[in-house]
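Q: Dropping the sequence and predicted coords here.
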Amino acid sequence: MKIKELREKNTDELKKLLAEKRESVRKLRFDISSKQIKNNKELKNTKKDIARILTLINESRTIAKE
């Protein structure tokens, strides 16, 4: 996902999306270890999406505190 798309969502939507992405990472790890998936880039991209989402959540917390 692009950062612009994520910035349009509110915190609740981001948290829901974060849970979905974490579940996706868990599933991808099992699939890769059992050699059902050969595309390791998908795991890398999903982890990057998680990092982006966490960054936006932390930014919103920081702004709310000020």
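A: Now that the structure is in, tell me what you want to look at.
Q: In what element of secondary structure is the residue nearest in space to the middle of the chain found?
A: Of all residues in the chain, the one closest to the mean position by C-alpha atoms, centre = their mean is residue 50, 2.4 Å from it. In this assignment (DSSP states H and E), residue 50 forms part of helix 41-65.
Q: do the same with residue 6
A: Secondary structure assignment for residue 6, by DSSP H and E: helix 3-7.
Q: Quick one: residues in contact with that helix.
A: With contact meaning C-beta atoms under 8 Å, 6 or more residues apart in numbering, helix 3-7 is reached by 14, 17, 52, 53, 56. In short, each C-beta sits where N, CA and C put it, glycine included.
Q: what mean pLDDT does it have?
A: Helix 3-7 comes out with an average pLDDT of 91.
Q: Ok, stretch 56-64 next?
A: pLDDT averaged over stretch 56-64 gives 91.
Q: CA atoms of it as PDB?
A: Extracted in PDB, the C-alpha atoms of stretch 56-64 (Å, rounded to 0.1, in the frame of the first residue of the first chain):
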ATOM      1  CA  LEU A  56       1.200   6.500  11.100                       C
ATOM      2  CA  ILE A  57      -0.400   5.200  14.300                       C
ATOM      3  CA  ASN A  58       2.600   6.500  16.300                       C
ATOM      4  CA  GLU A  59       2.400   9.900  14.500                       C
ATOM      5  CA  SER A  60      -1.200  10.300  15.300                       C
ATOM      6  CA  ARG A  61      -0.500   9.500  19.000                       C
ATOM      7  CA  THR A  62       2.300  12.100  19.000                       C
ATOM      8  CA  ILE A  63       0.100  14.800  17.400                       C
ATOM      9  CA  ALA A  64      -2.700  14.000  19.900                       C
END
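Q: mind checking how far that stretch is from the chain centre?
A: In this view, stretch 56-64 has its centroid 16 Å away from the chain centroid, taken as C-alpha atoms, centre = their mean, to the nearest Å.
Q: ok, and for it, which residues are buried?
A: By 16 or more other C-beta atoms under 10 Å, the buried positions in stretch 56-64 come out as residue 56.
Q: returning to what we had before: how about a markdown table for the contacts of helix 3-7, with distance to residue 34 added?
A: Below are these laid out as a markdown table (distance: C-beta to C-beta, whole Å):
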| residue | distance to residue 34 |
| --- | --- |
| 14 | 31 |
| 17 | 26 |
| 52 | 28 |
| 53 | 27 |
| 56 | 33 |
